[in-house]
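**Q** this one's sequence-less:
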């Protein structure tokens, strides 16, 4: 069974927005055993939409379309679907009620005629209720292919996909199980890894696929397969992954699955009863932001400080001014002191500190652009590592943030 | 002239990564007058790649392909291009030198055979030097269509596109000028805006297109046109945009262009000689992260504190404990006190403070999930506003962050 995703919107094709909907839909489809054959982004243009629907119909059993369902003139998806299906728009009473209810509850006013037009749907469409907005989803069929139209607003699309579309896909289609397992490694390039595991890779069965995913100092290695027996395919991939992790045990930091590294850190902190605080200089809040994105982080995250100006490291964090003078502000000694002071300031068990030069200029620093020191303080000890993340600025910040999480995970995972 | 973008990689189709390359490429092409007709994401699969290249050739004068150029077995783009062009791989001496140089300079070791294979390119390809990596870009032609192959690693792709591909596209193709101007508004839904500007929209000339881009509490309105005379098309769009801004002056916050809201805030702070500090509770570092992403932010950003635990608001930030007890921690009074205390703690001219319940649970809070107070302190006054951003958690954090920047921009823009 194959699916295709079509995202409609001029804003995608002029680069005004990044299409995150496709990745979300692909991931969710994958989880239920539906393989995505192609993702296509096209303009709000009648002919182009018709062409894309025809093309998708050739390969796919299921075509998920997002975008073009708003109340304004540039939204033409619904009319184009009518043309494609040789159908006409009719008013859906339930959607009409829903639109009135949303306007009276959240906006305390009456809907405009343009809003009420969102209750018009192709007569043969099964209407999917959008609890997060006024534009309904629509489930349509032509010959043997199912077409689903959803709004492009991610919040609304996610609601419809999760609550209305996926349950119907599960009921309607026979799907194999798809299973991926991904090993996270750092410190070695992909070609060196490939060399080390060459024999393993050559001997992999044809139906288990190995992929290398390099990014910012890390390589992720993904093994994938599919089949009808879930237990069996999991077992086969898990066995191979065990071999792979053994070969790469010096560079492996764990597996990537549904849980992110931040969630894994959170789980360990909760289990050990540790609290966490941060002193971020060059990462400027990026670590705190990732931590606080996790629901429940308030149970272990006490707080953070970004002492961006050098003197704030002394004044608020309490780092010894003499230490900064002696070693400069971007140094292992200052990173270590920042982590230790952070533990004291927030009375936390664990602290992460960063200091570095993100660039593009060095300012009055002695160290080179890209130099970053990361320190982790735990009840057992404080460690500090030096890195050079090169440039540009965003890359230095991202790499330092990733590395801080890797170091933190490794440190708190001990004993 | 039309372009198409093809991104190759299983990781995109299983939703393991978000394809950000396409948005970057689209934006850059647009700037030089090249319209992107379609973006297609496909698997690392020989037949599928061949099919996609054939399909793209039907519409496009220029096809930009990313991905599948790594040194490992799952990278098949180069071999597939040879098949498509009826060509064969030959060794490129300059690339070979470059690979050796990179290995000796950055990795202090010899390249592996797999690395050296990256110097093999189709014999008819013009090789584009990749200063940021070992895989070169390739400029190829078939009939009247140009095909460019670039690595999928964003950092390397961006280098090649900017330094090697775009200059060649500019020299080779006649392109019209494309001009967009986007107005940022907040506080009114897209249908209400559409109603207010209905007459304006109906009277727009056919070649000027209006698009509505709603997102998290904001609607962006984009006017676009293209033509051969740059001055003329700019003038026509600017005139229409002036009318539009006048009609929406109560909800408009400015124009979106090359500068982000964070950059505009930075420019105003520098101009006025103001320094900035932050006290972020529910936004947990998200505002600081955006501020510090801007190069040069260290000239005005003094630092921030994320007093996540309630008692840290008292202990480190110095908010009156009695005030918290009287009004609860998520209240206008506490937000205001946080902003004022932040000014004192960091000796800054301007401060932003947030306190709220991001959810999913209320914890011991009195306020509803989604409630956020944002305060802005300037030398003139401290303002505070209450919001309810609903749920889920990420959305509350994002909306609060966006809103804080909008409030900050408005406040510091006043005399």
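**A** Received, thanks. Source: prediction; values computed, not measured.
**Q** do you know how far the closest residue to residue A:414 other than its chain neighbours is from chain B?
**A** Distances taken as CB to CB, 6 or more residues apart in numbering or on different chains place residue A:380 nearest to residue A:414, at 7.4 Å, with adjacent residues excluded. (Glycine included, C-beta is placed from N, CA and C.) Between residue A:380 and chain B the computed distance is 23 Å (CB to the nearest CB, to the nearest Å).
**Q** can I assume residue A:380 is in contact with residue A:349?
**A** No - applying CB atoms under 8 Å, one finds residue A:380 not in contact with residue A:349, separated by 10.2 Å.
**Q** okay, these two: which has more neighbours?
**A** Ranked by neighbour count (other CB atoms under 10 Å in any protein chain shown), residue A:380 and residue A:349 place residue A:349 first, with 19 against 10.
**Q** Read off the pLDDT value for that one.
**A** Note on residue A:349: pLDDT of 97.
**Q** OK, contacts around it?
**A** By CB atoms under 8 Å, 6 or more residues apart in numbering or on different chains, the contact set of residue A:349 is A:272, A:273, A:274, A:275, A:276, A:343, A:378, A:379.
**Q** Let's see if you can find the most crowded of these.
**A** residue A:276 (27 neighbours).
**Q** Is it correct that that one is in contact with residue A:351?
**A** Yes - in this structure, residue A:276 is within contact of residue A:351 by CB under 8 Å, at 7.1 Å.
**Q** Can you give me the domain assignment for chain A?
**A** A:2-172, A:177-255, A:261-413 (the TED database).
**Q** Do you know the pLDDT at the residue nearest to residue A:414?
**A** Looking at residue A:380, the pLDDT reads 95.
**Q** State the helix or strand in which it lies.
**A** Residue A:380 belongs to no helix or strand when assigned by DSSP states H and E.
**Q** what do you get for residue A:232?
**A** Using DSSP H and E, the element containing residue A:232 is helix A:230-247.
**Q** Show me what counts as buried in that helix.
**A** Across helix A:230-247, burial judged by 16 or more other CB atoms under 10 Å in any protein chain shown covers A:233, A:236, A:237, A:240, A:241, A:244, A:245.
**Q** Could you do stretch A:337-346 as well?
**A** Buried residues in stretch A:337-346 (16+ other CB under 10 Å): A:337, A:338, A:339, A:340, A:341, A:342, A:343, A:345, A:346.
**Q** Now do the SS call for the third one.
**A** Residue A:339 carries the three-state label helix when classified by DSSP: H, G, I helix; E, B strand; the rest coil.
**Q** Can you tell me which residues in the stretch 201-350 of chain A are near chain B?
**A** Counting by CB under 8 Å from any CB of the partner chain, the stretch 201-350 of chain A comes close to chain B at A:201, A:209-215, A:222, A:224, A:278, A:280, A:283-289, A:291-293, A:295, A:297-298, A:301-309, A:312, A:316, A:345-346.
**Q** Buried ones among these?
**A** Buried subset of these (neighbour count, 16+ other CB under 10 Å): A:201, A:209-215, A:222, A:224, A:278, A:280, A:283-289, A:291-293, A:297-298, A:301-309, A:312, A:316, A:345-346.
**Q** sorry, back to before: can I get the buried residues of helix A:230-247 in a markdown table with pLDDT?
**A** Listed next are the buried residues of helix A:230-247 as a markdown table, based on pLDDT from 0 to 100:
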| residue | pLDDT |
| --- | --- |
| A:233 | 92 |
| A:236 | 94 |
| A:237 | 94 |
| A:240 | 96 |
| A:241 | 95 |
| A:244 | 96 |
| A:245 | 93 |
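**Q** Going along the chain, name the helices of the stretch 201-350 of chain A.
**A** Per DSSP state H, counting those that start in this stretch, the stretch 201-350 of chain A carries helices over the ranges A:230-247, A:261-272, A:286-293, A:310-315, A:321-327, A:332-346.
**Q** Tell me which of those helices sits nearest to residue B:55.
**A** Closest approach to residue B:55 among the helices of the stretch 201-350 of chain A is made by helix A:230-247 (32.7 Å; CB to CB).
**Q** Contacts for the closest one next, please.
**A** A:177, A:179-181, A:183, A:196-197, A:200, A:204-205, A:208, A:221, A:223-227, A:252, A:255.
**Q** Tell me the buried residues within those.
**A** Buried members of the contacts of helix A:230-247, counted by 16+ other CB under 10 Å: A:177, A:179-181, A:183, A:197, A:204, A:208, A:221, A:223-227, A:252.
**Q** tell me which of these is nearest to chain B?
**A** Nearest to chain B among those: residue A:180, at 6.7 Å, using CB to the nearest CB.
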